[in-house]
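Q: Here you go, sequence then predicted model.
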Amino acid sequence: MAYWFYNLLLTLFSVLFLPVLAVLMLSGERFRKGVLQRLGFYPRAVIEPVLGSRPIWIHAVSVGEVLSLRRLAGEIKERFPGRKILLSTFTATGNQIARQSGAGDAVIFFPLDHPWIVRRALATFDPSLVVILETEIWPNFLRLAHARGIPTLLLSGRLSPAAFRWYRVFRFFFAAAVRRFSAVGMQSEGDAERMAALGLDSGRTWITGSLKHASEDAGEAKKAQGEMGLPMVKDNGRQVLVAGSTHRGEEEVLLEAFLFLKASFPKLSMVLAPRHPQRFDEVERLLQQKRVAYRKKSEINGQGSGVADVIFLDTIGELPAFYALADVAFIGGSLVDAGGHNLMEAARLQKPVLFGPYMTNFAAIAGEMKQKGGAVEVRGREDLVREISGLLTDPGRAENMGKIACRLVQGDRGVMERTMGLLSRYLHP
């Protein structure tokens, strides 16, 4: 009954959304891209690399999860060299990063959760195993994969208290959905307890940790830094503040703090990296309004930043290489209520980390880093000015903070082994 009602709502919404879809299709490539794939229609060129191979289907919703799955895909290829990997994402940016990464044999957009669409996608690719990363619970996809006898795993699983409260309201429905998982590897005990409370048998629940602990290491970031000619960013004794994955409402505060700091630190530069590419034009207008001397990364081409005070990172996938250059790193999505983004990239590179009060997506590690001195929470311009000034004035303190941060995020080196141990139960050489 619950699935019938869910599917009725999906169908009604789809019909009502058709006029809006037509308008969006005319609004630009961002909205047109992947529409047919999301409806279950995949071009031959996309299907062919995995056709008939019964691939391992790994789904990562967006950029952060795509970056964390690269090591996982590499481990699968190394241990099971004959297996093909199909990657799917939900966002256009994630899809672009997945294609650039080379981690999969084919990359697609994840199908919308309507039963007709899901059946078509599953019949097209006929995966031998489905791996979903973090917090994606799609009832029809899980139900129909289970009906076809396809094992489905949730890895690096995260169920925040806020998300759990929402799911619990509809527990009568989502309990049936999560029971379709063959097994789940959750990030923490709290996540595992919430998943069990949602209705999953504890015998199928494992604590494997976050795959973001096993993502790109410092050596890879520094190698990429050299390939892009980024050491030029730090020429002439410059100090660098990197503001990564920023959201609307944060850039203005960061720029105000930066401009105030320039009076005391004339050699200070900032790398500003908005989270969403669709906001690049908006952020560039803000830079112009603030009359900041800036250069776009897409136009630098290894030539250094010239006389620019700000490097505007209008490219995708290069943020870790810039973190490697940072004297101080700020983690975006945390001054506004967006849940915060991956602070482990900067911490792994031994950088002192600043973030705002909204770090619910990384609450456990953010809290530990704050408590043990690897990070500082800031709440606005005044806090940013004070903390950045203190770190730039006292390099010894900055270095110590970076070492603590690095030690904390590298403390769990068994994530990949535990994850592969669980995944290997459902794969055969």
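A: It's in.

Q: From now on I want contacts and neighbour counts done on CA atoms only, so please keep to that.
A: OK.

Q: Show me the helices in the stretch 51-200 of the chain, by range?
A: With helices called from DSSP state H, counting those that start in this stretch, the stretch 51-200 of the chain shows them at 63-79, 92-101, 115-125, 139-147, 161-169, 171-178, 189-198.

Q: got these as CSV, with mean pLDDT columns?
A: Formatted as CSV, the helices of the stretch 51-200 of the chain follow (pLDDT from 0 to 100):
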stretch, mean pLDDT
helix 63-79, 86
helix 92-101, 86
helix 115-125, 96
helix 139-147, 95
helix 161-169, 86
helix 171-178, 88
helix 189-198, 92
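
Q: do you know which of the ones you listed lies nearest Asn7?
A: Closest to Asn7 of these, according to Cα to Cα: helix 115-125, at 7.5 Å.

Q: May I see the buried residues of that closest one?
A: For helix 115-125, a neighbour-count test (16 or more other Cα atoms under 10 Å) marks Pro115, Ile117, Val118, Arg119, Arg120, Ala121, Leu122, Thr124, Phe125 as buried.

Q: now the fourth one, nearest residue through space, not along the chain?
A: Ranked by Cα to Cα, 6 or more residues apart in numbering and with sequence neighbours excluded, the top spatial neighbour of Arg119 is Leu144, at 7.0 Å.

Q: tally of neighbours for the one you found?
A: 16 (other Cα atoms under 10 Å).

Q: what's the answer for Lys262, then?
A: Neighbours of Lys262 (other Cα under 10 Å): 13.

Q: For it, give me the pLDDT.
A: On pLDDT, Lys262 comes in at 96.

Q: Can you give me the separation between Pro161 and His428?
A: 36 Å (Cα to Cα, to the nearest Å).

Q: who has more neighbours, those two?
A: Pro161 (14 against 8).

Q: now the helices: where do they sit in the stretch 301-429 of the chain?
A: 319-323, 344-348, 363-372, 381-393, 395-409, 415-424.

Q: what phi and what psi does the backbone show at the nearest residue to Arg275 once chain neighbours are set aside?
A: Spatially, and ignoring its direct neighbours in sequence, Arg275 is nearest to Ser245 (3.9 Å; Cα to Cα, 6+ apart). Ser245 adopts backbone torsions of phi 60, psi 50, taken as degrees, to the nearest 10.

Q: any idea how far Asp201 is from Ser245?
A: For Ser245, the distance to Asp201 (Cα to Cα) stands at 36 Å.

Q: Which strand residues bridge the closest residue in space to Asp105 that isn't next to it in sequence?
A: Closest residue to Asp105 apart from its sequence neighbours, by Cα to Cα, 6+ apart: Ile85 at 5.4 Å. Counting by DSSP bridges, Ile85 forms beta bridges with Ile56.

Q: swap in Ala329?
A: Going by DSSP bridges, Ala329 is paired in beta bridges with Val242, Val353.

Q: What score does it have for pLDDT?
A: According to the prediction, Ala329 has pLDDT 98.

Q: quick one: it and Thr246 touch, right?
A: No. At 11.8 Å, Ala329 does not count as touching Thr246 under the criterion of Cα atoms under 8 Å.

Q: okay, those two: which has more neighbours?
A: Shown here are Ala329 and Thr246; by other Cα under 10 Å, Ala329 has more neighbours (29 against 25).
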